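In: Model the structure of this input:
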Amino acid sequence: MKTLYTLMILLLPYCTIYGNEIFTSKLNPKAKLKTSHFKKQLHFKFDDHAIILTKVKIKGSDKTYQFLLDNGCTSSYITPEVASDINFHPTHTEKITDGYQTEDQYFGALSLSIDGIPFEKVGCAIIDLSKETYHLDGIIGFNLIKSCIWQIGSEKIVITDNVKNITERDKYFAQKLYNGENPIASFVNGYIATMMIDLGDNGNLEIPSREIDWIKSKSIATGEGAVLNTMSGEKETEAHKKYQHLLVKGFILGRDTIPNLEVYTSLNEDVMFGYIGAGILDYVDLILDFKKRKMYSCLKEKQPKNSIPSSLGFKFKIEDHQVFVKFLWDHSSAIENGIKLGDKITAIDGVEITSLQNLSTYELRAKIKKELLKETLKVKIERMDHEVTLKRKKLFNI
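Out: Reported below is the predicted structural model:
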């Protein structure tokens, strides 16, 4: 379920299909790697399945920046604040759409390093990330990612220019990537497809909504979650959208099977691919060699406990240090207590949100996420004159 970044881009060998738009590769030239014969372990945070590189330096500034790793973006991006720091001068403007609205974006090139590994001629645009849950200074996109080889897991990220530098690769299963970023994957009992690896998606799996009935007919789904309402993006033309949430018996990637994995349908009916998000890194480690169109996967020795997911009934977003209901499960305790999409939460278990102004957005989010793990939780909604008590319920009837 992609919540971090709305510019979802599908990559094909010679052009980019994005919504109904087609862009040539001139917008996103391959970054030039300025070193060789190296292997480097990177500093990063893996928080809520977001891969955030924490030691990015950009020519023109002495500061150290945090960038989201997202191969689903053809270009790399910097915020207006970073653009000001480095005196960034875009060279041309292009029209870009997020599927709901078209706007001009300003493209140029810059030089940067990740943990001291230098890159030049990185195609880059300016984007406002101030409303994101995480503090981000920019996004490392596919135009840089494809210039080297990435060994990626939830505990370690290594980049190199030669796959032979990864000594443990004999533990991995190798397979071909189709159309740039798409390995073959499947579910137990059938449904074999190419699915796009998208490190900027913080879910496990998304599949096209048109495949849901087929999956049900093959008894692949062991349970069906309540329908999830979502306010996914400020520019969305429909106020609310719904999609199915399934629990599948097994997801097969390479030679490994991951049992009882959550799957969402894609919100976009025009999506051609399923997506494998960064949430999969809880279960497998990957080596991605986009230049040679190869992916290597290895099941982690220690697997997370796959119990039936449960919830108090909602997920949240933070804007300007205010907390709002962003996701809402039907038939949940939140629904039963009258909570609606977009509701402003003013207190949790008696603690006023306004009393937490000293916390950063990151700290506030972490605190609320911890509260949502409780079996029962008292929540105050701004439009209600009383607190409501939410109780945790299982999301699947199996």
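
In: Check the spacing between the closest residue to Lys216 other than its chain neighbours and Asn397 real quick.
Out: Taking Cβ to Cβ, 6 or more residues apart in numbering, and ignoring the residues beside it in sequence, Lys216 has Glu224 as its nearest neighbour in space, at 7.8 Å. C-beta here means a position set from N, CA and C on the backbone, and glycine is covered the same way. When distance is defined by Cβ to Cβ, to the nearest Å, Glu224 is 7 Å away from Asn397.

In: Compare those two (neighbour count), which wins?
Out: Higher neighbour count among Glu224 and Asn397: Glu224, with 16 against 10, using other Cβ atoms under 10 Å.

In: element containing the more buried one, please.
Out: Counting by DSSP states H and E, the element that carries Glu224 is strand 221-224.

In: Got the phi and psi for Asp213?
Out: Geometry field for Asp213 lists phi and psi as phi -60, psi -40, criterion degrees, to the nearest 10.

In: let me fix that: Arg169
Out: Recorded main-chain torsions at Arg169 are phi -70, psi -20, according to degrees, to the nearest 10.

In: Any stretches of this structure with poor pLDDT?
Out: Counting by pLDDT under 70, the chain shows low-confidence ranges at 1-29, 97-101, 133, 229-243, 266-272, 306, 398.

In: Mind naming the longest strand for it?
Out: With DSSP state E setting the assignment, residue counts place strand 102-114 as the longest strand in the chain.

In: ok, and what's touching it?
Out: Counting by Cβ atoms under 8 Å, 6 or more residues apart in numbering, strand 102-114 makes contact with 27, 29, 42, 53, 55-60, 67, 75, 78, 86, 88-97, 118-127, 140, 159, all of which sit outside it.

In: Neighbouring strands of it in the sheet, and parallel or not?
Out: Paired with strand 102-114 in the same sheet, following DSSP bridges, are strand 50-58 (antiparallel), strand 92-97 (antiparallel), strand 117-126 (antiparallel).

In: wait, which of the ones you listed is closest to Lys249?
Out: strand 50-58 (28.0 Å; Cβ to Cβ).

In: and the closest one, how far out from the chain's middle?
Out: Here strand 50-58 is found 15 Å from its chain centre; the criterion is Cα atoms, centre = their mean, to the nearest Å.

In: Pull out the buried positions in it.
Out: When burial is assessed from 16 or more other Cβ atoms under 10 Å, strand 50-58 yields the following buried residues: Ala50, Ile51, Ile52, Leu53, Lys55, Val56, Lys57, Ile58.

In: Against which helices or strands is the helix or strand following it packed?
Out: The helix or strand immediately downstream of strand 50-58 is strand 65-69, counting by DSSP H and E. Packed against strand 65-69, as judged by 3 or more Cβ pairs under 8 Å, 6 or more residues apart in numbering; DSSP states H and E, are the following elements: strand 50-58, strand 138-140.

In: which residues make contact with strand 65-69 from outside it?
Out: 4-5, 44-45, 50-54, 56-58, 76, 82, 114, 134-140, 145, 199-200.

In: Remind me what the helix or strand just after it packs against, helices and strands.
Out: Secondary structure here is assigned by DSSP H and E; on that basis, the next helix or strand after strand 65-69 toward the C-terminus is strand 76-78. Helices and strands touching strand 76-78, by 3+ Cβ pairs under 8 Å, 6+ apart, are strand 117-126, strand 138-140.

In: about what we covered before: neighbouring strands for the strand holding Glu224, and are they parallel or not?
Out: Paired strands of strand 221-224, defined by DSSP bridges, are strand 245-253 (antiparallel).

In: Tell me the buried residues in the following helix or strand past the strand it pairs with?
Out: Counting by DSSP H and E, the next helix or strand C-terminal to strand 245-253 is strand 256-265. Along strand 256-265, these residues count as buried under the neighbour rule (16+ other Cβ under 10 Å): Ile258, Asn260, Leu261, Glu262, Val263, Tyr264, Thr265.

In: of these, closest to Phe324?
Out: Closest approach between these and Phe324, by Cβ to Cβ: Tyr264, at 20.8 Å.

In: Next, find the distance separating the closest one from Ala83.
Out: 34 Å.

In: Okay, buried residues for stretch 80-91 please.
Out: Applying a neighbour-count criterion of 16+ other Cβ under 10 Å, one finds Val82, Ala83, Asp85, Ile86, Phe88 buried in stretch 80-91.

In: list the contacts for the first one?
Out: With contact set as Cβ under 8 Å, 6+ apart, Val82 has these partners: Ile58, Ser61, Tyr65, Phe88, Asp137, Gly138.

In: residues of the longest helix along the chain that come out buried?
Out: Longest helix in the chain by number of residues (criterion: DSSP state H): helix 361-371. Neighbour-count burial for helix 361-371, with 16+ other Cβ under 10 Å as criterion, is recorded at Thr361, Leu364, Arg365, Ile368.

In: neighbouring contacts of it?
Out: So helix 361-371 is contacted by 47-48, 133-135, 316, 318, 321, 323, 348-349, 356, 359, 377 (Cβ under 8 Å, 6+ apart).

In: just the strands in the stretch 201-350 of the chain please.
Out: For the stretch 201-350 of the chain, the strands identified by DSSP state E, counting those that start in this stretch occupy 205-207, 221-224, 228-230, 241-243, 245-253, 256-265, 274-277, 284-289, 294-299, 310-311, 314-319, 322-329, 344-348, in order along the chain.

In: The shortest one - contacts with which helices or strands?
Out: Other elements packing on strand 310-311 under the criterion 3+ Cβ pairs under 8 Å, 6+ apart are strand 393-394.

In: For the closest residue to Leu129 other than its chain neighbours, give me its contacts.
Out: Sequence neighbours aside, Leu136 is the residue nearest to Leu129 in space, at 4.6 Å (criterion: Cβ to Cβ, 6+ apart). Taking Cβ under 8 Å, 6+ apart as the definition of contact, the neighbours of Leu136 are Ile52, Gln66, Phe67, Leu68, Thr79, Leu129.

In: Could you identify which of the residues you listed has the most neighbours?
Out: Taking other Cβ under 10 Å to define a neighbour, the member of the contacts of Leu136 with the most is Phe67, carrying 26 neighbours.

In: and stretch 113-123, which residues are buried?
Out: The neighbour-count check on stretch 113-123 (16+ other Cβ under 10 Å) flags Ser113, Ile114, Asp115, Ile117, Phe119, Lys121, Val122, Gly123 as buried.
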